[in-house]
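> only geometry, no sequence info:
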């Protein structure tokens, strides 16, 4: 029997056919990650670009701005409830095919959103966008991370977390600029050329993950996931709004929690559950999922509250209020090279614990904002928030999936994506409800700076809940990345 050729031998390149060997780890990983990241960026950008357009949309549609937070929540809810089934669909129909289909769905929904003339239409079309985004995020991660070696994991996840870092903070700037220059409808037009280019790039440069015959779909689990998540977020979204009778939000929240408990029981008994809870037994995955939920609830507050507080409290235009968040994107780019160094000097556990405390403090500091502040000072405060936010997302993203075996990656990525998206939906709903409650308690006619200050403090308190979760991580968590 012939001995296999050693990879470092020069004859390997000449003998092995091109199709039989993968690209170099750095080039192959980065190419796939950049293409997938561009598609995910479109979803993350759109999620917050609408925020700065809300006052303009409200005037055009004759609705209060806070009522239009439903346009944001509808997108996040649809995205969240659709994510869990994506792993099964990828195994059944092929990850590449599903990824392209998701981009097509998202692009068409974007075009429809630009034609909406009422709250019901915008919520419907935003929900369709969420379905497309639900497939893009976990399936994109699956295409990139399934066969990435451990030593390349930080590089791959760095590229994949960039959309989550830059998209939400660039969205308000781009949304504000297009709203002031053209119309709020133009916010949705930008997705059309990006979507078309993404489809072409994926079809040309990304190879599919091999398909397999999955077990029968857990339909009961799928229904329980969708209904429980929709009920919880819907209940939070309608508390104190006067949109529905007061008993409805309470019933939604109670029903959602009960169904979630039923889902846990069902998943533990089903031979092939849609939501594989056993994967949470992996220490780095389980702890990061729980802690990440608390961190991301707080993260969702900043791109939601900053543009609104700048417009309503400071009297800035949509463009200038969105431009304030450009500092956060700048902080993300500045921090990326420092993350690897920080992990080498400290271990991953210490980086996450310390940075979470600092990140919570940076969110709480926004409660000090007043119209008398100089804009450079506001810019620096947002810049520092962007730095700490980048460290959190990059380290959590790298640690979460590093110990997951490749054969279980299709089960892990939907859970990971749900743990990313659900807290954002909850965060926007909780903060919007907090604002509404603060308005009611103060006797004001509408939200002002004092109510926004309360929102920032509530968000910071949520982030602090992640610290005990990170403290439970093993001391050698992430070693070898």
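It's in. Keep in mind the model is a prediction, meaning the values are calculated, not measured. Numbers count the residues shown, from 1 in each chain.
> could you point out the longest helix in this protein?
helix 25-61 (DSSP state H).
> May I see the buried residues of that helix?
Within helix 25-61, the residues scored as buried using 16 or more other Cβ atoms under 10 Å are 28-33, 35-58, 61. For every residue, glycine as well, the C-beta is placed using N, CA and C.
> and after the strand or helix carrying residue 452, which helix or strand comes next?
Element membership of residue 452 [criterion: DSSP states H and E] is helix 449-464. Later in the chain than helix 449-464, the nearest helix or strand by DSSP H and E is helix 466-471.
> And the helix or strand harbouring residue 120, what does it pack against?
Following DSSP H and E, the helix or strand that holds residue 120 is helix 119-145. When contacts are defined as 3 or more Cβ pairs under 8 Å, 6 or more residues apart in numbering; DSSP states H and E, helix 119-145 sits against helix 25-61, helix 69-82, helix 86-93, helix 95-113, helix 153-181, helix 409-442.
> Dump those helices to TSV, plus mean pLDDT and distance to residue 264.
Shown next, in TSV, are the helices and strands packed on helix 119-145 (pLDDT from 0 to 100; distance: least, Cβ to Cβ, whole Å):
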stretch	mean pLDDT	distance to residue 264
helix 25-61	72	28
helix 69-82	72	17
helix 86-93	80	18
helix 95-113	89	27
helix 153-181	71	27
helix 409-442	77	13
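> which one of those helices lies closest to residue 387?
Proximity of these to residue 387 was assessed by Cβ to Cβ; the nearest stretch is helix 153-181, lying at 10.6 Å.
> What mean pLDDT does the next helix or strand after that closest one get?
Downstream of helix 153-181, the first helix or strand assigned by DSSP H and E is helix 186-189. Summarised as a single mean, pLDDT over helix 186-189 is 87.
> Just give the nearest non-adjacent residue to residue 339, would you?
residue 394 (4.8 Å; Cβ to Cβ, 6 or more residues apart in numbering).
> relative to helix 449-464, how tilted is whichever helix or strand that neighbour is part of?
Using DSSP H and E, residue 394 falls within helix 375-401. Following axes from the mean of the first three to the mean of the last three Cα atoms, to 10 degrees, one obtains 30 degrees for the angle between helix 375-401 and helix 449-464.
> what's helix 375-401 packed up against?
helix 153-181, helix 283-312, helix 318-324, helix 326-345, helix 348-364, helix 409-442.
> I'd like to know which of those helices is closest to residue 95.
helix 409-442 (8.1 Å).
> Counting by contacts, list what the helix holding residue 452 packs against.
For helix 449-464, the packing partners by 3+ Cβ pairs under 8 Å, 6+ apart are helix 283-312, helix 348-364, helix 409-442.
> Next, the angle helix 25-61 makes with the first one.
Counting by the same axes, to 10 degrees, helix 283-312 points 40 degrees away from the direction of helix 25-61.
> so for helix 283-312, what's the average pLDDT?
pLDDT averaged over helix 283-312 gives 84.
> how does this protein divide into domains?
Split into domains by automatic domain parsing, the chain comes to 24-217+274-471, 218-273.
> Point out the most buried one among those domains.
domain 24-217+274-471 (a mean of 21; mean count of other Cβ atoms under 10 Å).
> next one: that domain to chain centre, how far?
3 Å (Cα atoms, centre = their mean, to the nearest Å).
> please begin residue numbering at 52 from this point
Happy to do that; since the first residue is 52 now, the last one works out to domain 75-268+325-522.
> can you pull the contacts of residue 315?
Counting by Cβ atoms under 8 Å, 6 or more residues apart in numbering, residue 315 makes contact with residue 328.
> so which strand or helix has it?
Going by DSSP H and E, residue 315 is in helix 298-320.
> Next, the angle from that helix to helix 460-493.
160 degrees.
> Give me the pLDDT for residue 70.
pLDDT, residue 70: 36.
> ditto for residue 311
90.
> tell me the contacts of it?
275, 279, 280, 283.
> What separation is there between the last one and residue 103?
The span separating residue 283 from residue 103 equals 27 Å under the rule Cβ to Cβ, to the nearest Å.
> and if you look at the second one?
Distance, residue 279 to residue 103, by Cβ to Cβ: 32 Å.
> and what of residue 471?
Taking Cβ to Cβ, one finds residue 471 at 22 Å from residue 103.
> Residue 354 too?
The spacing between residue 354 and residue 103, counted by Cβ to Cβ, is 9 Å.
> before we move on, what about residue 274?
36 Å.
> same check, this time on residue 228
9 Å.
> what does residue 337 give?
36 Å.
> helices or strands up against the helix or strand harbouring residue 284?
Per DSSP H and E, residue 284 falls inside helix 270-289. The contact analysis (3+ Cβ pairs under 8 Å, 6+ apart) places helix 270-289 against helix 120-133, helix 298-320, helix 460-493.
> got the ones you listed as JSON lines, with distance to residue 383 columns?
Formatted as JSON lines, the helices and strands packed on helix 270-289 follow (distance: least, Cβ to Cβ, whole Å):
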{"stretch": "helix 120-133", "distance to residue 383": "21"}
{"stretch": "helix 298-320", "distance to residue 383": "33"}
{"stretch": "helix 460-493", "distance to residue 383": "16"}
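> Next up, the contacts around the residue nearest to residue 471 when sequence neighbours are not counted.
Excluding the flanking residues, the one nearest residue 471 by Cβ to Cβ, 6+ apart is residue 347, at 6.4 Å. By Cβ under 8 Å, 6+ apart, residue 347 lies in contact with 470, 471, 474, 475, 478.
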